[in-house]
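> Have a look at this prediction, sequence included:
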Amino acid sequence: MTEQRVTLSDRSELAYNVFNDSANKVPLVMIHGMTGIKNDWTGTAVEMARMANRTIVTPDNRNMGNSKGDVKGMTIDVMANDMIELVERLGYETVNLLGFSMGGMIAQYILFNTTRKFHVNKVILAASSIRFPPTKVLPNSIETFQSFVAAGFDPEWRDSHPNELNEFLESFNHPQRPLETMQAQARAIGGQDTTEKLKIGDWTDLIYVLHGKRDELLTFALAEHALLTVKGSKLINLHSLEFGHFFIMYFMPKDWSDGVEECLGE
């Protein structure tokens with residue numbers, strides 16, 4: 001695996017990885033959430049691509065990780081357009097989208113976009129929502145974002161995985177997670193609500209929800225709201241719902257691969 005980059009029409013540059021690019025199944029594009037970079041889930045993506053024999057694409061969002069771009073006035077629509085242009089540059093005619101947290105809202109904006117040149121086969125809202133709480137206080141330091149991230153793990157996980165947690169939090173002291181970009185992401189996602197759009201139509205075999213009951217950042221009640229609002233949406237069947245917001249850190253890659261593949265259905 002070698003990191004690749006593409007220059008977009010506004011001169012922004014997106015960095016991304018492609019795993020198992022010779023597979024014949026519909027590719028899965030995994031879109032990260034606020035504060036996230038593609039390296040956070042590289043190990044799991046490698047294993048999922050191998051076990052499912054599916055191409056997996058993991059991009060860095062605008063001005064995060066190794067991507068570059070202006071974040072002044074950044075919106076969810078801007079980030080969605082970045083991903084649309086990336087998919088089109090890759091030449092995919094059909095893709096599956098897995099959006100983690102903020103990435104789930106980005107995936108919804110991609111789905112709603114009527115000018116994209118590719119078909120969206122499935123959308124997985126992973127630890128995400130169709131309704132995000134307003135951003136009342138903008139985090140003003142890396143330490144504030146570290147506290148936010150730590151709250152994404154339930155107390156039992158934090159107590160039993162101190163080394164993994166500390167290593168993850170230390171990764172925020174790195175220029176790949178610029179404070180100004182994470183603040184721009186927080187502004188962009190706050191108060192987003194697609195409830196009214198998703199009340200219309202039947203989304204059977206298109207929208208899936210992956211959410212844990214120990215999620216303390218976006219509570220399971222928000223997942224239940226999505227399942228009640230979005231006609232035909234389904235909860236992804238795992239052997240347990242006892243996991244927190246940063247879902248990829250819970251369970252083994254095979255669990256996630258099996259759960260995702262069951263809804264992708266090829």
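Cool, got the structure. Since this is a predicted model, take the numbers as computed values, not measurements.
> need the strands for this structure, in chain order.
Using DSSP state E, the strands of the chain run over 4-7, 13-19, 28-31, 56-59, 94-100, 119-126, 207-210, 234-235.
> could you dump the second one to PDB, C-alpha only?
Written as PDB, here are the backbone C-alpha positions of strand 13-19 (Å, rounded to 0.1, in the frame of the first residue of the first chain):
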ATOM      1  CA  GLU A  13      -5.000  18.100  -2.500                       C
ATOM      2  CA  LEU A  14      -6.500  14.900  -1.000                       C
ATOM      3  CA  ALA A  15      -4.300  12.100   0.300                       C
ATOM      4  CA  TYR A  16      -5.800   8.600   0.300                       C
ATOM      5  CA  ASN A  17      -5.000   4.900   0.500                       C
ATOM      6  CA  VAL A  18      -6.400   2.100  -1.600                       C
ATOM      7  CA  PHE A  19      -6.400  -1.500  -0.300                       C
END
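> taking the mean pLDDT, what do you get for it?
Mean pLDDT, strand 13-19: 97.
> buried residues in it?
Residues of strand 13-19 classed as buried: 14-19 (neighbour count, 16 or more other Cβ atoms under 10 Å). Where C-beta positions appear, they are placed from N, C-alpha and C, glycine not excepted.
> Can you show me the helices along this structure?
With helices called from DSSP state H, the chain shows them at 42-52, 76-90, 102-112, 142-150, 155-160, 162-170, 179-189, 195-198, 220-229, 253-264.
> The nearest residue to P253 once chain neighbours are set aside: what's it in contact with?
Using Cβ to Cβ, 6 or more residues apart in numbering and skipping residues adjacent in sequence, the residue nearest P253 is E47, 3.6 Å away. Shown in contact with E47 (Cβ atoms under 8 Å, 6 or more residues apart in numbering): 253-254, 257.
> Let's check: the centremost residue of this protein is which one?
Nearest to the mean C-alpha position of the chain, counting by Cα atoms, centre = their mean, stands F100 at 2.4 Å.
> picking up where we left off before, output the contacts of E47 in TSV; the columns should cover distance to W41, neighbour count and pLDDT.
Shown next, in TSV, are these (distance: Cβ to Cβ, whole Å; neighbours: other Cβ atoms under 10 Å; pLDDT from 0 to 100):
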residue	distance to W41	neighbour count	pLDDT
P253	10	19	92
K254	15	12	92
S257	12	19	93
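> and the nearest residue to S233 once chain neighbours are set aside, what does it touch?
Nearest in space to S233, with sequence neighbours left out and distances taken as Cβ to Cβ, 6+ apart, is I207 at 4.5 Å. Neighbouring residues of I207 by Cβ under 8 Å, 6+ apart: 122-123, 125, 198, 226, 230, 232-234.
> cool, L8 as well?
14, 69, 82, 85-86 are the contacts of L8 under Cβ under 8 Å, 6+ apart.
> quick one: which of the residues you listed is nearest G104?
D82 (15.7 Å; Cβ to Cβ).
> Give me the pLDDT for the closest one.
pLDDT, D82: 98.
> I'd guessed it sits against R62; true?
Yes: if you go by Cβ atoms under 8 Å, D82 and R62 touch, sitting 5.5 Å apart.
> Find residues that contact each of those two.
Applying Cβ under 8 Å, 6+ apart, one finds that D82 and R62 are jointly contacted by 12, 14, 69.
> How about the contacts made by the residue lying closest to the first one once chain neighbours are set aside?
Spelled out, that is S12. Nearest residue to S12 in three dimensions, chain neighbours excluded: G69, at 3.2 Å (Cβ to Cβ, 6+ apart). For G69, the contacting residues are 8, 10, 12-14, 62-63, 82, by Cβ under 8 Å, 6+ apart.
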